[in-house]
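Sequence first, predicted model second:
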Amino acid sequence: GFYNQEEVVAQADSTPTVMLSGTFEGSSVNWVLDSEGCLTISGYGAVPFLEDPPWAKENVLILVIEEGIFDISERAFESYGHLIDIYFPSSLQRIGAGAFRGCRSLDNIHFSEGLTQIGDHAFGTIQITGDIVLPNSLTEIGPGCFASSRLNSISIPGSVKKTNRTMFESATIDGLVVLN
C-alpha cells in the first residue's frame, strides 16, 4: 500500500509529549502526565491524596512511581478506572489504605523489594489480569487489602507477619494463592 507523507511522519514521531506537569503543594514530589496516559511521579517524599487532581482520572493509563518516593497516601489513586499498569520503586515502603481501591482495569502491578506495608483495602474492588507477586520485604497486609477484587493469582511471601482473615473477603481468585 501507499502512505501519504503525513501518515509516515506521524508514525515516525511517536514520542510521547508532556501534557501536564507540576509539583504537589508543599512537597518536593513532582508529577508529569504524558500524551500516552503515563503519569510519572518523582522526587522525594510521599504522594498525597488530592480531592481534585489537576489531571482527569480517566486519562491515567500507566502509573510510574520513581525512586525517592517512599509513601503513597490513603486513597491517592482510588477509582482510577482506566489504570492498566502500576510500577513501584524499591524506595516505596508503604501503600496507604484505599490507595488503589476501585481500579478495575489493571493488567499488572509491578512491586519492588522495599515495600513493607500495604494498608486496609489498598487494592479493594480491583480487577487484575496479571499475576500478583508481593515482595519478600513485605511484613504487613491490612484488612480487606484485596476484598471484593477479581484476581488471577497472588504470591504472598513468608515475610508477612501481620495480616487479617478479611484480606480476600468476597474476592474471586481464578488461579492460585501461593504462600512462600
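Okay, I see it.

hey, which helix or strand in the chain has the poorest pLDDT?
In the chain, the helix or strand scored least confidently by mean pLDDT, DSSP states H and E is helix 5-12, which has a mean of 44.

Spatially central, which residue of the chain would that be?
By C-alpha atoms, centre = their mean, the mean C-alpha position of the chain lies nearest to Ile86, the distance being 3.7 Å.

measure that residue to Gly175 for me?
To Gly175, Ile86 is 19 Å away according to C-beta to C-beta, to the nearest Å. Backbone N, C-alpha and C define where each C-beta goes, glycine included.

Tell me the first helix or strand C-terminal of the top strand by length along the chain.
In the chain, with assignment by DSSP state E, the single longest strand is strand 38-47. Counting by DSSP states H and E, the next helix or strand C-terminal to strand 38-47 is strand 62-65.

Can you spell out which helices and strands pack onto that next one?
strand 38-47, strand 85-87 (3 or more C-beta pairs under 8 Å, 6 or more residues apart in numbering; DSSP states H and E).

Can you name the element that comes right after that strand?
strand 69-72.

which parts of that following strand are buried?
Residues of strand 69-72 classed as buried: 69-72 (neighbour count, 16 or more other C-beta atoms under 10 Å).

what sits up against it?
If you take C-beta atoms under 8 Å, 6 or more residues apart in numbering as the criterion, strand 69-72 is touched by 29, 41-47, 65, 89, 91-96, 99.

cool, and stretch 80-92?
Residues outside stretch 80-92 that contact it (C-beta under 8 Å, 6+ apart): 37, 57-72, 77, 95, 100, 102-115.

list the buried ones in that stretch?
80, 83-89, 91-92.
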